[in-house]
Structures are given as C-alpha cells and as structure tokens.
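[1] 3D, please:
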Amino acid sequence: REPGGSEGAEAIRGLLLTGSADRWSPRAEALLFAAARADHVEKTIRPALDRGAWVLSDRFLDSSRAYQGMGELTDGDVMTLHRIGSAGFLPDRTLVLHLEEGEAERRARARDGDEADRIGGRDDAFHRLVASAFARFASEEPSRVRTVDASGDATAVTARLLDALGDLLP
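    This next block holds a predicted model:
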C-alpha cells in the first residue's frame with residue numbers, strides 16, 4: 001500500500017495521513033510520498049520481483065501524479081521526484097477503479113466510517129480534480145493505465161480487473 005509497504009514507508013505513512021489538512025506544504029507532502037515510495041520500491045517491491053513474484057500495490061506513482069501534481073507542483077515535478085527516488089520504476093499496469101461520485105463516497109464511509117484521513121478528507125472539488133487527472137492518464141497512456149468500472153458486486157468488479165490484466169497474465 002502507499003504510502004507504506006515497508007518499515008520506513010509505514011513510518012512516513014503516519015506522518016502523511018494524520019494531522020490537519022495544512023500540516024504539510026504541497027512540496028513537503030510530495031517529497032514525503034516520494035521518500036516513502038523509494039523505500040517501498042527498494043525494500044519490498046524490487047526484492048519480490050527479483051524472486052519472480054507478482055506485486056500488487058494499492059496506489060503508486062500515478063496516485064502521486066493525481067494528488068500532488070495538479071496544484072503548486074506539476075506532473076513533471078512529481079515525475080522528477082520519482083525518477084530521483086525510485087529510478088523511474090513504473091508498474092506494468094495501473095488500474096483505475098471508477099465509480100460515480102456518490103457511490104464512491106458511500107463505499108468510503110462504509111469502509112472507514114466518518115473518519116477520513118488528512119487527504120481523504122479534502123473537499124469534493126479536490127477529489128473531482130484527482131478523478132480527472134486519472135482519466136487523463138488513462139487517455140494518454142492506454143497501454144499502461146486502464147480504467148475499470150467498479151460498480152456492482154465484488155465478483156463482477158474482480159472479473160473486470162482480471163480482464164484488464166489479461167494480456168499480462170500467464
């Protein structure tokens with residue numbers, strides 16, 4: 001998961017997701033995410049890949065691009081941090097789960113209760129910008145980034161996710 005997945009990245013996760021909305025400046029937040037990802041890649045992801053394992057990550061670079069790269073920082077800034085921290089490592093496939101706004105909010109509340117973390121608690125306008133960034137990534141990089149309809153039950157969504165990975169599966 002990101003931020004997280006390794007001991008160092010989990011420590012950074014605690015810093016990033018707690019506190020007030022303005023705890024970190026946009027630049028500091030992007031640097032912390034890049035540091036967490038660098039540790040996660042080095043300590044968890046690369047060793048797993050070296051063993052021949054598949055790695056599934058709940059969020060990765062494209063999340064930073066969508067969340068941090070649309071305000072004071074640009075997508076290019078986030079990509080530069082990633083190039084420095086994680087040697088530009090990219091996933092073979094990014095799956096963006098799409099839900100209508102009201103359904104996404106309902107599921108988040110059911111999962112997390114009324115306790116949103118520092119980033120999840122940002123306003124609806126912010127989250128709409130994030131969703132539009134993910135849609136843009138899918139449009140610009142259709143071989144790597146795929147949008148998957150997340151409506152319906154878990155079985156139907158899982159089938160769609162596997163279909164979106166079909167060309168990568170053995």
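[2] Domain map for this structure?
    Domain ranges of the chain: 1-88, 92-169, per the TED database.
[3] CA atoms only for the helix-or-strand element of the chain with minimal mean pLDDT - export them in CSV, please.
    Ranked by mean pLDDT, DSSP states H and E, the weakest helix or strand in the chain is helix 101-112, scoring a mean of 79. Only the C-alpha atoms of helix 101-112 are listed here, as CSV (Å, rounded to 0.1, in the frame of the first residue of the first chain):
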residue,chain,number,x,y,z
GLU,A,101,-19.1,10.2,-7.1
GLY,A,102,-22.0,9.4,-4.7
GLU,A,103,-21.3,5.7,-4.7
ALA,A,104,-17.6,6.2,-4.1
GLU,A,105,-18.4,8.4,-1.1
ARG,A,106,-20.9,5.8,0.3
ARG,A,107,-18.3,3.0,0.0
ALA,A,108,-15.6,5.1,1.6
ARG,A,109,-17.9,5.9,4.6
ALA,A,110,-18.9,2.2,4.9
ARG,A,111,-15.2,1.2,4.9
ASP,A,112,-13.7,4.0,7.0
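[4] so what secondary structure elements neighbour it?
    Under the contact criterion of 3 or more C-beta pairs under 8 Å, 6 or more residues apart in numbering; DSSP states H and E, helix 101-112 touches helix 124-140. To be clear about C-beta, it is placed using only N, CA and C from the backbone, and glycine gets the same treatment.
[5] Tell me the helices and strands packed up against the helix it packs on.
    helix 61-68, strand 94-98, helix 101-112, strand 145-149.
[6] okay if I get these as JSON lines plus distance to residue 45 and mean neighbour count?
    Converted to JSON lines, those look like this (distance: least, C-beta to C-beta, whole Å; neighbours: other C-beta atoms under 10 Å):
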{"stretch": "helix 61-68", "distance to residue 45": "12", "mean neighbour count": "24"}
{"stretch": "strand 94-98", "distance to residue 45": "14", "mean neighbour count": "18"}
{"stretch": "helix 101-112", "distance to residue 45": "25", "mean neighbour count": "11"}
{"stretch": "strand 145-149", "distance to residue 45": "18", "mean neighbour count": "16"}
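[7] would JSON lines of the ones you listed with distance to residue 155 be doable?
    Below are the helices and strands packed on helix 124-140 laid out as JSON lines (distance: least, C-beta to C-beta, whole Å):
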{"stretch": "helix 61-68", "distance to residue 155": "26"}
{"stretch": "strand 94-98", "distance to residue 155": "15"}
{"stretch": "helix 101-112", "distance to residue 155": "16"}
{"stretch": "strand 145-149", "distance to residue 155": "13"}
